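1. just coords:
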């Protein structure tokens, strides 16, 4: 596996070793020992989630407040997404900045988004299957978010009118956000 640190501290991009032949392919999507050796720690995952979306669906920018804040190891099984992480850590020199990565079923890249970050993605293909491991259980009482098109975040999603839920359309603005991280 190849590990690359993101431009924002603590974000990690993983390119697994994929072994393929005429039968198909195989790769390890997570190996605790490799993480400890390559990254210096291994997250403890407690929940796996999966979603399927049509092209042009935008989900996010989501996070959970402490004590239920989640780290996420995200990847795409089928299709592709523009994946975005926003630094919400108040003492971080990159507070309010974001990083984007294209994840796809073809490139098999994974993106580790630790607790203290908001997360969202835009699907680039129909029938995109998005999968992620979480370091904490989902708690609806502590879920939160920031509106996807907040001008202060200045995220270029590459679309003007994504398919978006009412909940995501009505998330708080970054200028009104008091970070718990």
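-> On my side now, so go ahead. Owing to the predicted nature of the structure, the values given are computational and were not obtained by experimental measurement.

2. which residue ranges form the strands in the protein?
-> 2-5, 12-15, 19-21, 24-26, 47-53, 58-64, 72-78, 80-87, 98-104, 110-113, 117-123, 128-134, 143-145 (DSSP state E).

3. tell me, how many residues neighbour the closest residue to residue 1 other than its chain neighbours?
-> Distances taken as Cβ to Cβ, 6 or more residues apart in numbering place residue 16 nearest to residue 1, at 5.0 Å, with adjacent residues excluded. In short, each C-beta sits where N, CA and C put it, glycine included. Residue 16 sits with 18 neighbouring residues when counted by other Cβ atoms under 10 Å.

4. show the pLDDT at residue 16.
-> pLDDT for residue 16: 95.

5. before we move on, the earlier item: CSV for the strands of the chain, including mean neighbour count?
-> Shown next, in CSV, are the strands of the chain (neighbours: other Cβ atoms under 10 Å):
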stretch, mean neighbour count
strand 2-5, 12
strand 12-15, 18
strand 19-21, 9
strand 24-26, 9
strand 47-53, 13
strand 58-64, 23
strand 72-78, 21
strand 80-87, 24
strand 98-104, 19
strand 110-113, 24
strand 117-123, 26
strand 128-134, 21
strand 143-145, 17
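
6. can you redo these as CSV with distance to residue 180?
-> Output for the strands of the chain, formatted as CSV (distance: least, Cβ to Cβ, whole Å):
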stretch, distance to residue 180
strand 2-5, 25
strand 12-15, 23
strand 19-21, 42
strand 24-26, 40
strand 47-53, 20
strand 58-64, 9
strand 72-78, 17
strand 80-87, 14
strand 98-104, 19
strand 110-113, 16
strand 117-123, 12
strand 128-134, 17
strand 143-145, 8
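
7. got the contact list for the nearest residue to residue 175 once chain neighbours are set aside?
-> Once flanking residues are discounted, residue 175 sits nearest to residue 152: 5.8 Å by Cβ to Cβ, 6+ apart. Listed by Cβ atoms under 8 Å, 6 or more residues apart in numbering, the contact partners of residue 152 are 96, 173, 174, 175.
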